[in-house]
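Next input, structure requested:
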Amino acid sequence: MGELRRYHNFGFDSIRWKGFQFRPDDIVISTPAKSGTTWMQMMCALLIFQKKLFDQPLTRISPWLDTLTEPLDSVVRTLDEQTHRRFIKSHTPLDGLPRDPHAKYICMARDPRDVAVSWTHHEANIDVERLINFRIDAVGLDDLDELPPLRALPSDPRERFWYWIDEPAERTSPSSLASTLHHLDTFWSDRAETSVALFHYGDMSRDLDGELRRLAAFLGIDVPHAKWDELVEAASFANMSARAKELTPEVTQGFVNADTFFRRGTSGEWREFIQTDDDQKHYEARVTELADPDLAHWAHTGWAGR
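This is a model prediction of the structure:
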């Protein structure tokens, strides 16, 4: 394997994976932003612990190794102290992750148009000053000299949606259509590997029971029949939303508003922004620039749509 590609922006830095000591049964959950990361973390937690309630917030049980709001030694110490099967959050594409022969790598996808809408709401849901202070305390700001200037985002929701669609691929923004499709492509290219599994938000919305069973099979986890329905119910969006203060990302640091993190969990809000034939042609042309047809089709529909 060649040198790993580095992914670095204000929120995370993939170089933090360098030298990471894997255990034989580690699970890496690597997703584009706002594509169902927390949902997949919850599903892994339910299968590993085989109970609905946990003794810590999910963000501590499944730490984000890439994040720049916590010192690396603190994240690694948390993982080193864990005695259960570890499942680690990442927003680094597969070509930036070290490939351990015994680890499992999971990617979650979501219709990119829904990602665009969800990302806009997520940005409004963050206490930016608090986030910056955590970053300063954890790693400082000296590395910002390596990055392009932060984006000046449009205030109009429609303009912001299309900004997300059209942002150039070479930018290092935390989320855009280009970065989302690139992330998915790094997994799509290796989807035949037995250590790699791709899941889709749409499939989980349509058939949560079936997708949880598929995940259990991929991870080699047996669940007693008597427990199954309880775990599926616990993995539902409604159940997770009701437990937002336990399950919201970085809830221990408090810069993500737990009261509004689990917003709706629905699909199709993008129709507010793609209304005309010209809008649709614009979007389709941009997707064609960024992804091959098979990947693009799966990214928008999931396995059930293929």
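
CA only for contacts and neighbour counts going forward, please
Fine.

for the chain, which spans come out with low pLDDT?
Under the criterion pLDDT under 70, the flagged ranges of the chain are 1-2, 122-126, 251-267, 305-306.

Please enumerate residues in contact with stretch 142-161?
Contacting residues not belonging to stretch 142-161 are listed as 8, 9, 10, 116, 117, 120, 163, 171, 172, 173, 273 [Cα atoms under 8 Å, 6 or more residues apart in numbering].

Endpoint to endpoint, that stretch covers what distance?
End-to-end distance of stretch 142-161: 31 Å, with Cα to Cα, to the nearest Å as the criterion.

What are the buried residues along it?
Buried positions in stretch 142-161, judged by neighbour count with 16 or more other Cα atoms under 10 Å: 160, 161.

and what of stretch 194-213?
By neighbour count, with 16+ other Cα under 10 Å as the criterion, the buried positions of stretch 194-213 are 195-204, 208-209, 211-213.

Helices - which of those residues land there?
Among those, the ones falling in helices (DSSP state H) are 201, 202, 203, 204, 208, 209, 211, 212, 213.

correct me, but the third one touches residue 299?
No. Between residue 203 and residue 299 no contact is recorded; they are 11.1 Å apart, counting by Cα atoms under 8 Å.

now the strands: where do they sit in this structure?
If DSSP state E is used as the criterion, the strands of the chain fall at 27-30, 87-90, 104-109, 196-200.

Let me see the contact set for the spatially closest residue to residue 37 that is not a sequence neighbour.
The spatially closest residue to residue 37, leaving aside those adjacent along the chain, is residue 31, at 6.1 Å (Cα to Cα, 6 or more residues apart in numbering). By Cα under 8 Å, 6+ apart, the contact set of residue 31 is 37, 90, 91, 92, 93, 106, 107, 108, 109, 183, 184.

how many neighbours does the fifth one have?
Around residue 93 sit 23 other residues, with neighbours defined as other Cα atoms under 10 Å.

And for the third one?
Burial measure for residue 91: 26 neighbouring residues, criterion other Cα under 10 Å.

swap in residue 232?
A count of nearby residues for residue 232, using other Cα under 10 Å, gives 20.

before we move on, what about the one 4 residues further on?
A count of nearby residues for residue 236, using other Cα under 10 Å, gives 17.
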